[in-house]
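> got a sequence here, can you model it:
(3 chains)
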Amino acid sequence: MLLYILRRLVLLVPILLGLTLLLFIVARILPGDPVGLAAGPNATPELIAQMKREFGLDQPLPLQYWNYLTGLVSGDWGMSVFTRRPVFADILEYLPATIELVFASLFIAVVAGIPLGLLTAVYKNGPLDYATRTLALGGIAMPRFFLGLLLQMAFAAWLDILPLSGRYPLIESPPDHVTGLYTIDALIAGDWSAFQIALSHLALPAIAMALSPLATIMRMMRSSTIEVLQQDYVMTERALGLSNRLILFKYVLKNAMTSTLTVIGLYVSWLLGGTVLVETVFDWPGLGLYATQAILTQDFMPVIGVTLVIAIIYLVAMLVVDLLYGVFNPKVRYA
Amino acid sequence: MTMTPIAIPKRTQSARLENWSRAFYRFRQSWLSIVGLAIVVLLVVIAIFAPWIVPYPEHVVGGTNTAARFQAPSTDAWFGTNALGQDMFSLVLVGSQVSLFSGLAVVFIAIVVGTAVGAIAGYFGGWVDEVLMRITDLLLTIPSLILAMAVAAALGTGVWNMIIAISITWWPAYARLVRGEVIVKKEEQFVVAAHALGANWLRILGKHILPNIVSPIVIKASLDMGFAILTVASLGFVGIGVKPPTPEWGTLLSGARSYMPDYWWTAVAPGIAIFLAVLAFNLLGDGLRDVLDPKARR
Amino acid sequence: MLTLNKRQFLIGTAGMTAAATLPRLANSAGKNIMVLASTVDIPNFDPHVATGYAPQWLFRNTYDPLVRVVANPPVPAPGLATSWKQSEDGLTYTFELDGNAKFHDGTPVTAKDVEYSFARLLRLAKGPAWMVSGILDQNSVKATGEMTVTMVLKKPFAPLLSVLPWMFIVNSKVVEANKGTDDGQAYLLANMAGSGAFKMGRVKPGDLYELIRVDNDWHKGGNLSGAIWKIVREASTARLMLQRGEVHFALDMFAEDMDAIKDMPKVVRIMEPDYRTFTIKMNTANGPLMDKNLRKAVSYAFNYKGMLDAAGPAQLMKSPLPVGIFGFDPDQKGYDQDMGKAKEYLAKSNFKDGGITLSIHHAAGYENQRRWCLIMLESLKALNINLDIRAMTWPDTVAMARSPEKMVDFYSIFQSPNYADPDNTAFAAYHSSRNGQWQNPVYKNPEVDKLIEDARAEVDKTKRAELYKKFQAVIVEDAADIIGILELRKFAMRDNVKDYVFSPVAANTMEIWPLSIA
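A predicted model of the protein is given here:
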């Protein structure tokens, strides 16, 4: 097992190398004049040349890549022309917001999706089943940004019970930075009202993000439960008089874990990259918003940085998911 | 090269026909698939004929009517009018063209590129497979929406730029799929036989392997259409889409944000259009999967 | 039992969610932080380099000029200078500095700093330096005492006191210590060296900029302990935030927003005429629009009525100068839509049958500009000319303005005068020394240059007005711009903001330090 983890970790290195090279090439091929933009309206050619030197853009490409690579390892991910700050610092600042959003939406998806899937399987073809399945079909087809807009209009503008946008009231200072996830930080600080404030801001974007994984997890849970209930051994145990509830607990729990893991595996990348739209709607200061700004101003270092971070998280998440599969399903072997 | 007299046995036409009719029967069993198919057909018809059937074709090409701005939905303008007095109904109807066309184009390009890469990798194996699949895997780890946005923004607005940008992130999934199928089919009798008869690799791939892996591709493509449409709308929504005045659903919705909630109809019409189109293709895709891949039936 | 527990659980969860929504602005008591919602970012903190409205707002609250501008109609008011004298010939100004004034590092503001700042401004020749080009040079401003500054003009300049509010004084010690090779530009790009009421707090480009009141601030007035410049890209979001009390000022509002908040409690609408002009400049230096006949054809083809309809409360301009300003010529009629004349001029041009595609840009997210571009698209269709519309961010726009080759054919631009004098609009937007700048990227006409320079130095009012009349006639005849529109300035504010007074010059860059929150 340990050996397997080690091997997987070692395998990550060439993947990451390839990734950086790919991103580097893409960024250099793309047109755009970031330095000209950064230098400002009145820049002289000398200033532009000087900034090019500062950004290292006047060196040959292979050398630029090498510099970039050595920089990456030492935490120098280049400068953002747009924020005028190191990309790494920017990412550290924006990442927790996105992580919080992704976790919250996965949490909602799992907590609501598993019982719903279970119930619809048990009461198959009942009204609840049809209602939730229709909802699930809609949930996957619903554009997140449209749903976000509708939620915003309903709960913030109309009912006025949840905040419109942002992560925390502008004029308040958020809870002390420990993890950067405001809800968690508030709990650590023991500040209940800060937790409520953070949670109320998180609710709508998290729901907008959660709908699609929720629908998926529900469908998987439903079908796997139906399958379990039709297995011979379950039929036998039923015949032996075991109560339905016990059977469900006995066999379905395992399914729940597997489908959760599968969905996390399927959705981690989708969620991380897909926050772009929801973050735009809710002005959520995360990686997606940061990447969008950078893209719109053709500022490529942040885009590379964000892409790289998401790819790394994705790869690590995949590794963790694979390992956990084994925990819940001894049949899986690490080869 | 000509075929030798020892022909590889072909399935008879009647058996194929029977398969199809059985498939159609299964498809009909699911009313949701029928609904999906119906909406898709309707969408295609609308997309083809929209320029002739919309009530205000001049608005679609940029005409304005500033005297009738922000009219609520009425019998004159079913979906109301926007900031320039343009008829939302006309815009949304014609907007189906961009969405359907780019969705189709993305999936088509992805299939062509993905199949080529996947088939070559699967057929030859070895280092060719290694190199091609490593590149594919790399692309799969990159968040596709962000990459598509970056490429589209760099290329500039325009339908084709958008299609190219999305396709770049789309083909690797097909490459993986096709490679897997090719590796399986490569070992089957009829391929081995064709090989023994001296057929070259292009012929074997094109004539013997690929025709036999059409169904998984079709299933994936039909399921993907919805997401392709969604991605097109997403790019439009963040402001990297088509050039004005071409109406596009995501762009229409993005513009309408400024008028929420007072002039809600400017947002609701394009939003629902995206939703319906994606839903329809998903339903159709589900139906097709049940038909073509009975094992996956639940 | 089990079902009861489940229900209890459900009720508990619901209760928690409901509770979570309640304490929205719970612990904000005791702080007076003003939030301003704008669509524009602040890309540069250097007062001698940056231009544009968001940076200017920053400078007016973190730096100090010698003389400020307040009230409606605008009048000069003491800034760092408590008093000033003008010599008989109008060429020498003497300023006495305020002994209380302190930089953020606690050191006093001295005449040396003023001398240093003007020298740096004019040496760099960026930012607001153009306002005094030909009037002052690097050596014109001298410290003639510890707290006395003397300014010697090269020629008389009537609006001098009106341009001084935009020339900010930096802490010479701090800038010298961080001079680098670029006169401190790299340092001041992201750092402050001012004496203003606020210093910089959180900096989150693209999101927000926080200002924190300086300890023992020497400015008298206002009760704000801080301010936040919040970038809100959607006007509708800004309006909803205002409605909910999350922002105090919404600076970029559209007519639709003003309608929507008409009867909203606790919200005050500010709709005032001011001198901010909107014109669509044509690329006279590159591409098809170098052809004057084509420019005239477009000027006659444009649907001015549609532009006005789509704008909300506004009035169409008839000349390059804002209606009502000194020197404005009421007899100048500009252009009206006249397809007959449009086709006539098109026939005289090199593009008799149209068949070309021209490009236009608008500020990304600026809804009215986008609409006007679409109206242009429709108007040009009648001439068989296609239009390629591009939404651009401010940095992109500025970069594009640098060279005629990169510039679009039609360039949409708002200009907010910083002083209520025709010289501002005329010089910034039409003098060829401004070529390559966003205010006048390409237009170059020696006759116009001469008129502007003569008018700038002319002391006799009647003669000056005559020069501006001529200037307007030449610009209209040359069809340099699609003469556009004067919108009402539209802000919305919470009613707990006290002491706000509208001023028609640079109204969107107001000083907030004299304001209070009740």
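
> average pLDDT for stretch B:291-298, rounded please.
In this model, stretch B:291-298 has a mean pLDDT of 59.

> quick one: contacts for the residue nearest to C:Ala111 when sequence neighbours are not counted?
Once flanking residues are discounted, C:Ala111 sits nearest to C:Ala143: 3.4 Å by C-beta to C-beta, 6 or more residues apart in numbering or on different chains. In this view, the C-beta of every residue, glycine as well, is placed from N, C-alpha and C. Going by C-beta atoms under 8 Å, 6 or more residues apart in numbering or on different chains, C:Ala143 touches C:110-112, C:114-115, C:149.

> show only the entries of those residues found in strands.
The strands in this structure, assigned by DSSP state E, contain C:Val149 from the contacts of C:Ala143.

> residue 284 sits in which helix or strand?
I went with chain A, as the question did not name one. Using DSSP states H and E, A:Trp284 maps to neither a helix nor a strand.

> my question was about chain B
With DSSP H and E as criterion, B:Leu284 is part of helix B:265-292.

> and that helix, what does it pack against?
helix A:127-141, helix A:144-151, helix B:13-29, helix B:31-53, helix B:88-124, helix B:214-238, helix B:249-256 (3 or more C-beta pairs under 8 Å, 6 or more residues apart in numbering or on different chains; DSSP states H and E).

> pLDDT added to the contacts of C:Ala143, as JSON lines?
Shown next, in JSON lines, are these (pLDDT from 0 to 100):
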{"residue": "C:Thr110", "pLDDT": "95"}
{"residue": "C:Ala111", "pLDDT": "95"}
{"residue": "C:Lys112", "pLDDT": "95"}
{"residue": "C:Val114", "pLDDT": "96"}
{"residue": "C:Glu115", "pLDDT": "96"}
{"residue": "C:Val149", "pLDDT": "95"}
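
> filter the contacts of C:Ala143 down to the buried ones and hand me the PyMOL line.
Applied in PyMOL, the following selects the buried portion of these according to 16 or more other C-beta atoms under 10 Å in any protein chain shown:
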select buried, chain C and resi 110+111+114+115+149
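
> okay, the contacts of C:Ala143 in CSV with distance to C:Val268 next?
Output for the contacts of C:Ala143, formatted as CSV (distance: C-beta to C-beta, whole Å):
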residue, distance to C:Val268
C:Thr110, 41
C:Ala111, 41
C:Lys112, 43
C:Val114, 38
C:Glu115, 42
C:Val149, 39
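
> from the contacts of C:Ala143, pick the one nearest chain B.
Nearest to chain B among the contacts of C:Ala143: C:Val114, at 44.4 Å, using C-beta to the nearest C-beta.

> hmm, the closest one is touching C:Leu80, no?
Yes: if you go by C-beta atoms under 8 Å, C:Val114 and C:Leu80 touch, sitting 7.2 Å apart.

> shared neighbours of those two, anything?
Joint contacts of C:Val114 and C:Leu80 (C-beta under 8 Å, 6+ apart) are C:66, C:97, C:169.

> the second one contacts C:Asp113, doesn't it?
The one in question is C:Leu97. No: using C-beta under 8 Å, C:Leu97 makes no contact with C:Asp113, being 9.0 Å away.

> burial of residue 279, as a residue count?
Defaulting to chain A. Using other C-beta atoms under 10 Å in any protein chain shown, A:Glu279 is surrounded by 28 other residues.

> could you do chain B instead?
Neighbour tally, B:Leu279, other C-beta under 10 Å: 20.

> A:Ser243 too?
10.

> okay, residue 296: pLDDT?
Reading this off chain A. For A:Leu296, pLDDT reads 81.

> hmm, no, I was thinking of chain C.
95.

> so it lies in a helix, does it not?
Yes: under DSSP: H, G, I helix; E, B strand; the rest coil, C:Lys296 falls within a helix.
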